[in-house]
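> requesting a structural model of the entry that follows:
(one chain, ligands or ions: 2)
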Amino acid sequence: MSSTEQLVSYASDAAASGPAHVEVPVAYDAILLAGFGGPEGQEDVIPFLRNVTRGRGIPDERLEEVAHHYRHFGGVSPINAQNRALKAALEEELARRGLRLPVYWGNRNWAPYLTEAVTEAADAGHTTLLGLATSAYSSFSSCRQYREDFARALEDSGLADTVTIDKVRQYFDHPGFVQPFIDGVRDAVSGFLADGVPAASVHVLFSTHSIPTADAQRSGPREGDPRHRDFGEGGAYAAQHLAVAEVVMAAVAAEIPQAADVSWELVYQSRSGPPTQPWLEPDVCDVIEELPGRGAQAVAIVPVGFMSDHMEVMWDLDTEALEAAEAAGLRAVRTPTPGIDPVFVSGLVDLVEERLNGTPAGDRPHKTDLGPWFDVCRTACCENVRAGFKPAASGLKP
Ligand SMILES: CC1=C(CCC(=O)O)c2cc3nc(cc4[nH]c(cc5[nH]c(cc1n2)c(C)c5CCC(=O)O)c(CCC(=O)O)c4C)C(CCC(=O)O)=C3C
Ligand SMILES: [Fe+2]
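Ligands and ions are numbered 1, 2, ... in the order given. Just a heads-up that it's a prediction; the model follows:
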């Protein structure tokens, strides 16, 4: 099939069905930990940014601005070190459970690349890989782009006919992912209350990466797919974040009764793209500026869209948002990301085990009624509105 034909059939086969959850055991022989990647020195910064934005129409001004964030920290993003630590923690937890699956780590945008990781796995004799992306929600950038890069890595390494890559379900509402956020919000709120701030003057901002509004509306199963739902204006992407935030706030109120009076909202950060293109709003810093006028004295900033304290957290939240809070005269705390919290690591290994065992969907842990999300992405799931469909692994084939 030519690639044009393939694209046409990806795009047109909207109503395809097939199992959403794989409820039979599969003998995966290795795990593919898929990261975003980040620069590890000043000379890496520009080539890394070119990789990330390849063909995405990000203005040069924005690239220079983002380069400055990296330059400020010596050109080093902490993200690779964090993924090395996550790999080690996963290996330890797998060994503890007696699961003999090696973990190969590769990135989408910087070395070690996914192509190297799949080549290494194949050279060691592994052919049935289970992907674990460091990204919990549904959208082109947070799901499908990883799957397209899996397909590209197999193609580029000449392994497309011998190696398969499946991917664990999006785990935004898995208890192992949600619990570290509950712990962080509980600690922040109880700290503010202990300092004498009234609960009604505490505000919680759940922050995630902004994406183009058009991509958000196409996140999750596309319209026409039997599993599509009306997810609201921000699509499945925003709906998943809102549902997680509700779970977090309810869990905190169950532990600290006054927390029922704490207000909260979902905000966005790290917008790029031309100003003419609509992206999800409001921006975290714009909301922080408004908070004193709404009677807030303290703000907890929760990086609910992220896995670890990488640049989007270190710069956009710990630098810019905390400065905005200080300028607004607010007490402010940025709560932790899951990182290598043992509860999170254990949850990731639970996600691996449910695929090894073929656990029935009804027995899979999920904290929101959107889940448990699909193992097998639907045809044309998480469309990239600008660039259309490229072949992607871990989904329904046309
Ligand atoms: C949804 C989402 C996540 C969360 C899911 C996930 O984690 O995957 C995420 C994570 C990250 N984004 C990161 C870095 C960047 N993202 C960029 C650009 C973009 N991100 C987007 C979305 C997301 N991004 C989008 C729609 C763009 C526009 C261009 C495009 O569509 O590709 C750019 C280009 C410059 C700029 O415009 O900012 C950079 C440098 C880093 C690494 C940080 C480090 O190095 O420590 C991480 C973890
Ligand atoms: Fe990004």
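
> all contacts plus neighbour counts: C-alpha atoms, from now on.
Noted.

> quick one: contacts for Cys381?
Listed by Cα atoms under 8 Å, 6 or more residues apart in numbering, the contact set of Cys381 reads 144, 218-222.

> determine the three-state secondary structure at Ala117.
Three-state call for Ala117 (DSSP: H, G, I helix; E, B strand; the rest coil): helix.

> neighbours of the nearest residue to it once chain neighbours are set aside, how many?
What sits nearest to Ala117 in space, not counting adjacent residues and going by Cα to Cα, 6 or more residues apart in numbering, is Gly106, at 5.1 Å. Neighbourhood size, Gly106 [other Cα atoms under 10 Å]: 26.

> just the element for Gly106, please.
Assigned by DSSP states H and E, Gly106 falls within strand 103-107.

> so what's Glu91 up against?
When contacts are counted by Cα under 8 Å, 6+ apart, Glu91 touches 102-103.

> begin at 565 from here
Sure, I'll start numbering at 565, so the last one becomes Glu655.

> and the pLDDT for it?
As predicted, Glu655 sits at a pLDDT of 98.

> need the contact list for Thr840.
Contacts of Thr840 by Cα under 8 Å, 6+ apart: none found.

> Ala686 versus that one, what's the distance?
45 Å (Cα to Cα, to the nearest Å).

> do Leu693 as well
Plainly put, Leu693 is 9 Å away from Ala686 if you go by Cα to Cα.

> more crowded one of those two?
Counted by other Cα under 10 Å, Leu693 and Ala686 do not tie: Leu693 has more neighbours, with 25 against 18.

> and the helix or strand that one falls within, what does it pack onto?
Assigned by DSSP H and E, Leu693 falls within strand 692-697. With contacts taken as 3 or more Cα pairs under 8 Å, 6 or more residues apart in numbering; DSSP states H and E, strand 692-697 sits against strand 594-599, strand 728-731.

> so the helix or strand following that strand, near ligand 1 or not?
Once strand 692-697 ends, the next helix or strand along the chain (criterion: DSSP H and E) is helix 709-720. No. With Cα under 6 Å from any ligand atom as the criterion, ligand 1 is not reached by helix 709-720; the gap is at least 7.9 Å.

> which residues are in contact with helix 709-720?
598, 672, 678-679, 682, 697, 724, 727, 729, 954-958.

> can you list the residues of the stretch 715-864 of the chain near ligand 1?
Where the stretch 715-864 of the chain comes near ligand 1, counting by Cα under 6 Å from any ligand atom, the residues are 773, 775, 834, 836.

> hmm, 5 Å instead?
Applying Cα under 5 Å from any ligand atom, one finds that the stretch 715-864 of the chain approaches ligand 1 through 775, 836.

> show me the helices in the stretch 715-864 of the chain, by range?
739-758, 777-781, 799-819, 848-854 (DSSP state H, counting those that start in this stretch).

> what's in contact with the second one?
For helix 777-781, the surrounding residues in contact (Cα under 8 Å, 6+ apart) are 703-704, 797-802, 842-844, 946-949.

> same thing with the last one?
With contacts defined as Cα under 8 Å, 6+ apart, helix 848-854 is touched by 769, 771, 831-833, 884-885, 888-889, 892.

> let's see that with 6 Å instead.
Contact partners of helix 848-854, identified using Cα atoms under 6 Å, 6 or more residues apart in numbering, comprise 831-833, 885, 892.

> now those as CSV including pLDDT and neighbour count?
Below are the contacts of helix 848-854 laid out as CSV (pLDDT from 0 to 100; neighbours: other Cα atoms under 10 Å):
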residue, pLDDT, neighbour count
Val831, 99, 26
Tyr832, 98, 23
Gln833, 98, 23
Ala885, 98, 25
Ala892, 98, 16
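
> verify the contact between the residue nearest to Ala681 and Val682 for me.
No. Look at Gly670 against Val682 with Cα atoms under 6 Å: they stay out of range, at 8.0 Å.

> before we move on, the earlier item: so which of the helices of the stretch 715-864 of the chain gets nearest Ser910?
Nearest to Ser910 among the helices of the stretch 715-864 of the chain is helix 739-758 (6.9 Å), distances taken as Cα to Cα.

> please work out the angle formed by the directions of that closest one and helix 799-819.
50 degrees (axes from the mean of the first three to the mean of the last three Cα atoms, to 10 degrees).

> helix 739-758 packs against which elements?
Applying 3 or more Cα pairs under 6 Å, 6 or more residues apart in numbering; DSSP states H and E, one finds that helix 739-758 contacts helix 906-921.

> how about low-confidence regions in the stretch 665-814 of the chain?
Within the stretch 665-814 of the chain, no stretch has pLDDT under 70.

> could you redo the last one with a cut-off of 90?
Within the stretch 665-814 of the chain, the segments meeting pLDDT under 90 span 786-791.

> what's the answer for the stretch 815-962 of the chain, then?
If you take pLDDT under 90 as the line, the stretch 815-962 of the chain has these spans: 836-839, 943-944, 947, 949-953, 960-962.

> so which residues of it form strands?
Listed in chain order, the strands found in the stretch 815-962 of the chain under DSSP state E, counting those that start in this stretch are 827-833, 862-866, 895-898.

> so which of the helices of the stretch 715-864 of the chain is the most surrounded?
The highest mean neighbour count among those, using mean count of other Cα atoms under 10 Å, belongs to helix 777-781: a mean of 22.

> for the residue most central in space within the chain, which non-adjacent residue is closest in space?
In the chain, the C-alpha nearest the mean C-alpha coordinate belongs to Ser699, at 2.5 Å (Cα atoms, centre = their mean). Nearest residue to Ser699, sequence neighbours excluded (Cα to Cα, 6+ apart): Ser706, at 5.6 Å.

> what's the neighbour count on the one you found?
22.

> what sits against the residue nearest to Gly602 when sequence neighbours are not counted?
Once flanking residues are discounted, Gly602 sits nearest to Ser641: 5.4 Å by Cα to Cα, 6+ apart. The neighbours of Ser641, taking Cα under 6 Å, 6+ apart as the test, are 602-603, 875.

> does any part of the strand holding Leu693 sit near ligand 1?
No. For a cut-off given as Cα under 5 Å from any ligand atom, strand 692-697 has no contacts with ligand 1; the smallest distance is 7.8 Å.
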